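Asker: turn this into a structure:
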Amino acid sequence: MHKSYLAFWRPGDLCWTQIDIEGCGEFWNIYYFKGQFYMITSVGVWVIDVAEPVVEPELLVQKNINGACWPHRKQLYLVEVSGALLLVAQFSKCQRLGGSIDYKIYEFRTWELDLIKSKAKEIKSLGDRANFLGGNGSISIDSSKSIGVKANHIYITDNWKGGDDRDMDS
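Answerer: Numbers count the residues shown, from 1 in each chain. Next comes the predicted model:
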């Protein structure tokens with residue numbers, strides 16, 4: 001059996017610093033925001049303060065997003081929007097088409113994380129922002145500064161096996 005670790009390196013360090021994440025649940029995503037790492041696992045959202053001498057994950061918000069049982073799937077993303085850290089859940093239903101499986105997106109839900117009170121508040125609008133979400137990174141942009149990008153929309157990279165081969169959804 002192997003241990004689960006994340007590692008980081010700071011300028012001036014002689015070696016990588018390992019962070020034991022064995023008890024944090026299944027690792028899904030990580031995001032660097034305001035000098036700290038925020039990690040999504042099957043348990044919830046964790047904060048990792050790399051400025052501390054002893055680096056240990058601390059549970060920030062416990063996962064309480066229900067309604068994602070089989071045949072439904074969800075993917076969780078972290079993204080910065082106008083100085084706030086958002087947690088976005090993408091819900092999909094499993095469809096069988098002949099001999100293959102396809103996941104059809106049917107809902108997105110978004111929460112703003114309160115990093116001080118360790119709470120999450122659901123939000124219904126991104127305003128003039130558009131979020132681009134993917135397994136390798138997520139960004140938010142001002143839609144008025146980009147041709148063809150719609151305000152209050154989410155664009156995702158389809159990174160699930162058995163997807164419908166589209167590169168972007170909104």
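Asker: how close does the residue positioned nearest the centre of the chain sit to Lys145?
Answerer: In the chain, the centroid-proximal residue (Cα atoms, centre = their mean) is Tyr77; its distance is 1.7 Å. From Tyr77 over to Lys145 the distance is 22 Å, taken as Cβ to Cβ, to the nearest Å. To be clear about C-beta, it is placed using only N, CA and C from the backbone, and glycine gets the same treatment.
Asker: correct me, but the residue nearest to the centre of the chain touches Ser138?
Answerer: Yes: using Cβ atoms under 8 Å, Tyr77 is in contact with Ser138, at 5.0 Å.
Asker: for the residue with the largest distance to the centre of the chain, report the pLDDT, please.
Answerer: Residue farthest from the centre of the chain, counting by Cα atoms, centre = their mean, is Gly98 at 31.6 Å. What the model reports as pLDDT for Gly98 is 75.
Asker: repeat that for Ser92.
Answerer: 80.
Asker: what residue ranges in this protein score low on pLDDT?
Answerer: The model of the chain has pLDDT under 70 over residues 1-2, 64-73, 158-170.
Asker: domains in it, by residue range?
Answerer: Using automatic domain parsing, the domain parsing of the chain gives 1-9+17-63, 65-170.
Asker: where does the residue nearest to the centre of the chain land in three-state SS?
Answerer: strand (DSSP: H, G, I helix; E, B strand; the rest coil).
Asker: same question for Ala151.
Answerer: coil.
Asker: looks like it contacts Ser144 (just checking).
Answerer: Yes: here Ala151 lies in contact with Ser144, judged by Cβ under 8 Å, at a distance of 7.3 Å.
Asker: what about the strands in this protein?
Answerer: 5-8, 17-20, 27-33, 36-41, 44-48, 58-62, 72-81, 84-97, 100-114, 119-123, 129-133, 139-142, 153-157, 168-169 (DSSP state E).
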